[in-house]
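**Student:** with the sequence up front, the predicted model follows.
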Amino acid sequence: MQQSAAETIHADEVALQQSAAGEVQASSVSAYQSALGSVEAEEVLSQRSAFGFVQAEKASVNGYTGAVVARNAEVHYGVSGVVVGSDVHAEGARAVLLIGRNVSGNVTTILDTRSALIAGLTSGLFTGLMFLLGRMLFGRK
C-alpha cells in the first residue's frame with residue numbers, strides 16, 4: 001500500500017509506504033514513513049514510522065513508538081514510550097520505560113530504577129495524605 005489510508009487491515013503480509021492504518025493484524029508488517037495505530041504481527045519491520053502499539057514476536061522499529069511488546073525487540077535511533085521484551089537491543093534509542101531480560105546497546109531511559117522508586121514513594125505519600133485529609137474533613141463522627 002503506497003500513499004493510502006485504511007482503518008483496518010487483516011492480511012498475511014502487509015507493506016506500507018507513506019501510508020496510515022488504524023489497526024493491522026498480519027504475519028509480517030513492513031512500514032516505511034507510515035503511521036499505524038495498533039499492530040499485531042509475528043514480525044514487524046519499520047523505518048521512519050510512527051506506531052501507537054506494537055505486539056509481535058520480533059519487532060524492529062525506527063521512529064516514534066508508543067509501546068512495543070515483543071519477544072525480540074530492536075529499537076534503532078527512535079523514541080519509545082514503553083519497550084518490553086525478552087531480548088531488547090537498542091541503538092541510539094530513547095525510552096521512558098524499558099523492561100527486558102537481556103538488554104544490549106545504547107539506550108537512554110527516562111524512568112530508571114531510582115526514578116521509579118522516587119515516583120512510587122512520592123505518589124504513595126501524596127495519595128495517603130489525600131485519604132487522611134478526606135477522612136478528617138468528611139469522615140463520620
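**Tutor:** Okay, I see it. None of the values given here were measured: they were computed from a predicted structure.

**Student:** show the average pLDDT along stretch 7-24.
**Tutor:** Across stretch 7-24, pLDDT averages out at 95.

**Student:** excluding covalently adjacent residues, which one is nearest to the most centrally placed residue in the chain?
**Tutor:** By C-alpha atoms, centre = their mean, the chain has its centre lying nearest to residue 67, at 1.1 Å. Closest residue to residue 67 apart from its sequence neighbours, by C-beta to C-beta, 6 or more residues apart in numbering: residue 82 at 4.3 Å. Glycine gets a C-beta too; all of them are placed from N, C-alpha and C.

**Student:** quick check: next helix or strand after the lengthiest strand in the chain?
**Tutor:** Scanning the chain for the longest strand, with DSSP state E as the assignment, gives strand 79-109. From strand 79-109 onward toward the C-terminus, using DSSP states H and E, the following helix or strand is helix 113-138.

**Student:** and the chain, what are its domain boundaries?
**Tutor:** Structural domains of the chain, as assigned by automatic domain parsing, span the residue ranges 5-110, 112-141.

**Student:** tally up the residues packed near the residue nearest to residue 67, please.
**Tutor:** 16 (other C-beta atoms under 10 Å).
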